[in-house]
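In: sequence plus the predicted model coming up.
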Amino acid sequence: MLENIKGLGPKTLKILNNHNINNISDLVNFYPFKYNIISRSKELIDGEVITIDGVLESNANVFYFKKYKDRMTFKLNIGYKILNVSIFNRGYLKSKLLAGTNVYIIGKYDQKKESVTATDIYFGMLSDYPIIEPIYHNINGISNKQLKTFINDALTLYHENQLLPEWVIDKYHFPDYQVVLKNIHNPSNEQILKQAINYIKYEELFLFTLKINYLKQEKDKMPGLKRVVDYEKIETFVDKLPFVLTPDQMACIKDIYNDLTKPTRMNRLVQGDVGSGKTIVSFIAMYINYLGGYQSTLMAPTEILARQHYQNLVNLFKDTNIKVSILTGKTTAKEKKQIIKELENGNIDIIIGTHALLSSNIKFANLGLVITDEQHRFGVNQRSILKNKGTTPDILYMSATPIPRTYALTLYGDMDVSNIHTMPSGRKPVITHVKQNKDIKEVLEAMLGELKKGHQIYVVVPMILEQEDSDYTSINEMYDNMQKAFGKYYNLGLLHGKMKNQEKEDIMQKFKNNEVQILVSTTVIEVGVDVYNATMIVIFNSERFGLSTIHQLRGRVGRNALDSYCYLISDKETERLHVLETTNDGFKISEEDFKLRGSGDLFGLRQSGDMVFKMADIKRDFNILMHAKEDSLEYLNSSEYKGSKLEKIVFENRQLD
């Protein structure tokens, strides 16, 4: 129990609990997020950060300014010269910083003034070997030093056995688990630290891939619904569409048809670029399901997107007997009561909706297909509630965040994956330009040109936190700037994450209706909402986004046969951004993003908790991941797995996502 740790009182205990540290295990597994390697600088270089030790020549002085702000100064004798040291907000150390005290400091050296503006100060002298200082994520109310003390006390009370099989430990010559924990928090050298980190990374990835492999095996065994559907009827329906489907779309439809007519349950992810035509694929999946005698439901993240899908479905099936309905937060009580009744007696074939579909009152006569659009916008529990409204409905996920196939097959091993690479005919690639802030006049002129044609424009800025660099433009400041430039002749709208859902939906509807010509927004622009008249998007401070995120934003335009443009405004990392000038292929962009930024931007979309690793990184540690995947499959199929602690962990956390 945490209460057994010395110095950990009720107040501190509550702080830890608020950070999901509730027991000894949570505390010892709260790993450092980085390590400072501290060693004496070999030389003092002007303008560089140095680490140096010495003896105080005199007592420290403190100067106070503003409220709770101070600047402390002292002279430090480093043996061959005396440095003037200043450090901010360390006044509380004044009584300990007396003449003759040994300290070492880290800070920027100014050769002309023989001074150091220090960022850190420590008591004692540096050894001839590097000191490795673990740095933990900030917990307000508990210092890094206090936290480390609590963790070290917890280590003496923690005696859990390792989870990894013994043969894995032998195979990779891993240290003992207790030694690993000790070395993660108290590394004596870099080699020992590397061994401990590799152990933790492997363990995280082994547990993850073990669950993925288990879910894959369970899916393959899971009985599905029986459907007998003539594929010629699907081909006839497709031939009557007012547009021609691409080969990739047809391949996806064939995959889904094969899944729906097999005796096992479908669990498929369709991923493709914004505008690649995933939606029509999902509509035809519902048609196949209808011919098989079952109901379908499609859940969208917002009302405006749900209504867009509903209207498109009504138009698509206007010459059939298929009854389509919609259920959202705005549905009246009377309408909702009627929908619930018709769903339960089977009179509704397809229901489109938002989170309102998750209500316990919603019951189906024979639900056969559950589709989640923009699946990353829903938590695993929400998706689970919906699919549990049927006995064994087939599951189809749609994602406009394409990821490289190699990674998709590994990370979504419990799903089958279909990719749509080709774009529908008539779609023009978005013309992309990278510009600096000094080119803003050129950009504004290009915006005016589109507005004069009667077109609409998105202007995107990142959400800037108050404590961040003031060089970045806040959304309110950008709105004011755009208002000054265009407000006399055109209507502007503002959209950001702190607005209420209803406010966001209203402004998006106004933009869709062309009541607003310029929409100034953060990245909350609704994915999937078609504003065919929007032909330009201007993204400021674009270096703050991953390439895949920018590509998603860029997909808001170019949803028509008109020439469309994307302007990326940045004075930094322009070489990286130029990738977007050369390609509109989301899969290529995700590969490049993966190389440059790692997995965070790409794989946050799983949203099941599985991807939240403390030390592992899918891109950086992909080789470890592949070894872990192979080993976990071998372990899963072995007699050793049966009855093990790991089997219990996997079973208790099983969830077909």
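Out: Yep, it's here. Numbering: from 1, shown residues only.
In: I'd like to know which helix or strand in this structure has the lowest mean pLDDT.
Out: helix 600-603 (a mean of 38; mean pLDDT, DSSP states H and E).
In: following it, which helix or strand comes up?
Out: Counting by DSSP states H and E, the next helix or strand C-terminal to helix 600-603 is helix 622-636.
In: which elements pack onto that next one?
Out: Secondary-structure packing of helix 622-636 (3 or more CB pairs under 8 Å, 6 or more residues apart in numbering; DSSP states H and E): helix 166-172, helix 190-221, helix 405-411. Just so you know, the C-beta spots here come from the backbone N, C-alpha and C atoms, and that holds for glycine as well.
In: let me have these in JSON lines, extended by mean pLDDT and mean neighbour count.
Out: Listed next are the helices and strands packed on helix 622-636 as JSON lines, based on pLDDT from 0 to 100; neighbours: other CB atoms under 10 Å:
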{"stretch": "helix 166-172", "mean pLDDT": "96", "mean neighbour count": "13"}
{"stretch": "helix 190-221", "mean pLDDT": "90", "mean neighbour count": "19"}
{"stretch": "helix 405-411", "mean pLDDT": "68", "mean neighbour count": "17"}
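In: can the ones you listed go into CSV with extra columns for distance to Ile38?
Out: As requested, these are exported to CSV (distance: least, CB to CB, whole Å):
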stretch, distance to Ile38
helix 166-172, 30
helix 190-221, 12
helix 405-411, 36
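In: out of the ones you listed, which comes closest to Asn653?
Out: Closest approach to Asn653 among those (CB to CB): helix 190-221, 6.8 Å.
In: so Leu313 touches Asp349, yeah?
Out: No: assessed by CB atoms under 8 Å, Leu313 is found out of contact with Asp349, at 10.1 Å.
In: okay, and the common contacts of the two?
Out: Val324 (CB atoms under 8 Å, 6 or more residues apart in numbering).
In: can you check what angle separates whichever strand or helix holds Val417 from helix 190-221?
Out: Per DSSP H and E: Val417 is located in strand 416-420. Computed by axes from the mean of the first three to the mean of the last three CA atoms, to 10 degrees, the angle separating strand 416-420 from helix 190-221 equals 90 degrees.
In: helix/strand/coil for Thr392?
Out: With DSSP: H, G, I helix; E, B strand; the rest coil as the basis, Thr392 sits in coil.
In: if I pick it, what's in contact with it?
Out: Contact partners of Thr392, counting by CB under 8 Å, 6+ apart, are 222-225, 265.
In: rerun at 10 Å
Out: Residues near Thr392 by CB atoms under 10 Å, 6 or more residues apart in numbering: 222-225, 264-266, 367-368.
In: surely Thr279 and Met398 touch.
Out: Yes: counting by CB atoms under 10 Å, Met398 is a contact partner of Thr279 at 7.4 Å.
In: got any residues that touch both of these two?
Out: Listed as contacting both Thr279 and Met398 by CB under 10 Å, 6+ apart are 270, 298, 371, 373, 528.
In: which phi and psi does the closest residue in space to the second one that isn't next to it in sequence have?
Out: Closest residue in space to Leu298, ignoring its immediate chain neighbours: Ile371 at 4.3 Å, by CB to CB, 6 or more residues apart in numbering. Summarising the backbone geometry of Ile371 under the convention degrees, to the nearest 10, its torsions are phi -120, psi 130.
In: please tell me I have it right and Ile371 contacts Val270.
Out: Yes: using CB under 10 Å, Ile371 is in contact with Val270, at 9.4 Å.
In: mind listing the shared neighbours of the two?
Out: In contact with both Ile371 and Val270: 279, 281-282, 285, 396-398, using CB under 10 Å, 6+ apart.
In: which ones among these map onto helices?
Out: Residues of the shared contacts of Ile371 and Val270 located in helices (DSSP state H): 279, 281-282, 285.
In: most neighbours among the residues you listed, which one is it?
Out: Neighbour counts for these peak at Ala285, which has 28 neighbours (criterion: other CB atoms under 10 Å).
In: how near is that residue to Met266?
Out: 9 Å (CB to CB, to the nearest Å).
In: so what sits against both of those two?
Out: With CB under 10 Å, 6+ apart, Ala285 and Met266 have common neighbours 255-256, 259-260, 369, 394, 396.
In: ok, those residues vs Lys318, which is closest?
Out: Of these, the one sitting nearest to Lys318 (CB to CB) turns out to be Leu369, at 20.8 Å.
In: Three-state assignment for the closest one, please.
Out: strand.
In: hang on, isn't it packed against Tyr397?
Out: No: Leu369 lies out of contact with Tyr397 (CB under 10 Å); the separation is 11.8 Å.
In: neighbour count for those two, which is higher?
Out: Shown here are Leu369 and Tyr397; by other CB under 10 Å, Leu369 has more neighbours (28 against 24).
In: quickly note the distance from the more buried one to Gln295.
Out: With CB to CB as the criterion, Leu369 and Gln295 are 8 Å apart.
In: list residues touching both of the two?
Out: 286, 289, 350, 390, 393.
In: which of those sits closest to Lys629?
Out: Pro393 (28.6 Å).
In: near the closest residue to Leu241 other than its chain neighbours, how many other residues are there?
Out: Nearest residue to Leu241 in three dimensions, chain neighbours excluded: Ile280, at 7.7 Å (CB to CB, 6+ apart). If you count neighbours by other CB under 10 Å, Ile280 ends up with 18.
In: contacts only, for Ile280.
Out: 238, 241, 243, 245, 249, 252-253, 312, 316, 424.
In: before we move on, the earlier item: between the shared contacts of Ala285 and Met266, which sits nearest Asn138?
Out: Asn138 lies nearest to Leu396 out of these, by CB to CB, at 41.3 Å.
In: Ile197 contacts Asn183, doesn't it?
Out: Yes: under the criterion of CB under 10 Å, Ile197 makes contact with Asn183 at 8.9 Å.
In: list the buried residues in stretch 499-510.
Out: The neighbour-count criterion (16 or more other CB atoms under 10 Å) identifies 504-505, 507-508 as the buried residues of stretch 499-510.
In: correction: the previous question concerned stretch 282-297.
Out: Those would be 282-292, 294-297, for stretch 282-297 by 16+ other CB under 10 Å.
In: Val538: which of those residues is nearest?
Out: Ser282 (31.3 Å).
In: what is the burial count for the nearest residue to the closest one once chain neighbours are set aside?
Out: Leaving out its chain neighbours, the residue that sits closest to Ser282 by CB to CB, 6+ apart is Ile371, at 5.1 Å. Using other CB under 10 Å, Ile371 is surrounded by 28 other residues.
In: how about low-confidence regions in the stretch 551-657 of the chain?
Out: 594-612, 654-657 (pLDDT under 70).
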